[in-house]
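1. Requesting a structural model of the entry that follows:
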Amino acid sequence: QVQLVESGGGLVQAGGSLRLSCLASRRFFRLDTMGWYRQAPGQQRELVAGVNNVGSTNYADSVKGRFTISRDNAKNTLSLQMDSLKPEDTAVYYCKMTLGLSSTGPLRDYWGQGTQVTVSS
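-> Predicted coordinates:
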């Protein structure tokens, strides 16, 4: 099994910045897509940013130009730099990695436990 541990959430004023990190607890054989999701109270979980196995990225329209996703395969980490934060960015942020633990095993989705981001106005 793989555990994903997130860090970097917190409280920040509007216009400020935060950097989220997600660390996988063990090495794995294959790494496919990775992404950050968020869920605000009463809302569905939504994709914020994703990166595939060749480094191509995609972003939700609401965060384009403000958030930057990056991955470090050697360190089993995924990061999300969040700048120019707005109150509507307030949510629990989750990282997800699609991994294969062996050369023959299936790819599976693994989720972090979530980290709270609160942006005050």
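
2. outside of the helix or strand containing Val12, which residues touch it?
-> Taking DSSP states H and E as the criterion, Val12 maps to strand 10-13. Residues from elsewhere that reach strand 10-13 (CB atoms under 8 Å, 6 or more residues apart in numbering): 18, 85, 116-120. From N, CA and C alone the C-beta is placed, and that goes for glycine too.

3. nearest to Val92, of those?
-> When the contacts of strand 10-13 are compared for distance to Val92 (CB to CB), Gln116 wins out at 5.5 Å.

4. picking up where we left off before, give the next helix or strand downstream of the strand holding Val12.
-> Sequence-wise, the next helix or strand downstream of strand 10-13 (DSSP H and E) is strand 18-24.

5. buried residues in that next one?
-> By neighbour count, with 16 or more other CB atoms under 10 Å as the criterion, the buried positions of strand 18-24 are 18, 20-24.

6. Closest one to Ala49 out of these, please.
-> Leu20 (10.2 Å).

7. Please name the residues that touch the closest one.
-> By CB under 8 Å, 6+ apart, the contact list for Leu20 reads 6-9, 36, 79-80, 82, 93, 95, 115, 117.

8. Just grab the bridge partners of it for me.
-> With DSSP bridges applied, the residues forming beta bridges to Leu20 are Leu80.

9. helix or strand for the most centrally placed residue in the chain, which one?
-> Using CA atoms, centre = their mean, the residue of the chain that lies closest to the mean C-alpha position is Trp36, 2.6 Å off. The secondary structure element spanning Trp36 is strand 30-39 (assigned by DSSP H and E).
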